[in-house]
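Peer 1: sequence below, structure please.
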Amino acid sequence: MTLEQVLATYTDGPTTGVFTDGAAHPNPGPGGWGAVYVVDNQIIAQAHGSEPLTTNNRMELTALIAGYQLVPAGQAAVVLTDSQLCVDTINSWAATWEKNGWKRKSGAIKNLDLVQELYRLARAHPQIELRWIKSHNGYRWNEYADALATAYRRATP
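Peer 2: Numbers count the residues shown, from 1 in each chain. The predicted structure is shown next:
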């Protein structure tokens with residue numbers, strides 16, 4: 001679905017926040033990410049990109065990094081992702097992993113480079129809250145972030 005189609009089709013969901021999404025198809029395979037910063041249903045900033053060979057989780061993390069970077073320094077915001085894994089990683093597990101030298105008992109931390117970068121951003125911006133949002137439930141800006149993330153599959157975003 002194009003960005004224009006998303007805006008014409010969906011109206012529900014939160015109207016303020018930073019919405020992010022990542023995708024790879026197949027997984028692993030070509031992938032993309034998207035982030036959009038919205039205040040009162042108005043787009044303040046957005047970004048998206050792609051990689052020729054990646055995974056869904058790498059793209060979800062990349063989208064979150066971009067999402068944090070869209071928020072002006074010192075500004076409070078809620079960043080929303082449909083990746084519960086990413087939310088748990090940053091909100092629950094990363095502090096312990098860092099304390100343990102970026103190791104965990106069950107083995108290597110996948111996507112450690114991106115996890116560390118996102119965790120640094122989250123700690124540097126404590127006024128930004130990271131939350132989970134249900135995917136593909138018709139929330140306008142979550143669907144918009146999905147359309148940004150899958151823009152690599154279309155000729156133009």
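
Peer 1: can you pull out the helices in the protein?
Peer 2: 3-9, 56-70, 84-88, 94-99, 112-124, 140-149 (DSSP state H).

Peer 1: switch the ones you listed over to TSV; also include distance to residue 42.
Peer 2: For glycine as for every other residue, the C-beta is placed from the backbone atoms N, C-alpha and C. Output for the helices of the chain, formatted as TSV (distance: least, Cβ to Cβ, whole Å):
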stretch	distance to residue 42
helix 3-9	12
helix 56-70	14
helix 84-88	25
helix 94-99	32
helix 112-124	24
helix 140-149	11
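
Peer 1: these: which one's closest to residue 40?
Peer 2: When these are compared by Cβ to Cβ, helix 140-149 sits nearest residue 40, at 11.5 Å.

Peer 1: then that closest one to PDB, C-alphas only?
Peer 2: Output of helix 140-149 as PDB, limited to C-alpha atoms (Å, rounded to 0.1, in the frame of the first residue of the first chain):
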ATOM      1  CA  ARG A 140      -3.100   5.000  10.700                       C
ATOM      2  CA  TRP A 141       0.500   5.900  11.700                       C
ATOM      3  CA  ASN A 142       1.600   2.300  12.400                       C
ATOM      4  CA  GLU A 143       0.300   1.400   8.900                       C
ATOM      5  CA  TYR A 144       2.100   4.500   7.500                       C
ATOM      6  CA  ALA A 145       5.400   3.300   9.100                       C
ATOM      7  CA  ASP A 146       4.800  -0.100   7.600                       C
ATOM      8  CA  ALA A 147       4.400   1.500   4.200                       C
ATOM      9  CA  LEU A 148       7.600   3.400   4.700                       C
ATOM     10  CA  ALA A 149       9.400   0.200   5.700                       C
END
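
Peer 1: give me the contact list for that helix.
Peer 2: Helix 140-149 is contacted by residues 1-3, 5-7, 9-15, 17, 19-23, 32-36, 38, 41, 46-48, 59, 63, 80, 82, 133-136, 157 when judged by Cβ atoms under 8 Å, 6 or more residues apart in numbering.

Peer 1: contact partners for the closest residue to residue 91 other than its chain neighbours?
Peer 2: Using Cβ to Cβ, 6 or more residues apart in numbering and skipping residues adjacent in sequence, the residue nearest residue 91 is residue 130, 5.9 Å away. Listed by Cβ under 8 Å, 6+ apart, the contact set of residue 130 reads 64, 78, 79, 81, 86, 87, 90, 91, 122.

Peer 1: hmm, which two among the residues you listed are most spread apart?
Peer 2: Pairwise over these, using Cβ to Cβ, the maximum falls at 78 and 86, 14.4 Å.
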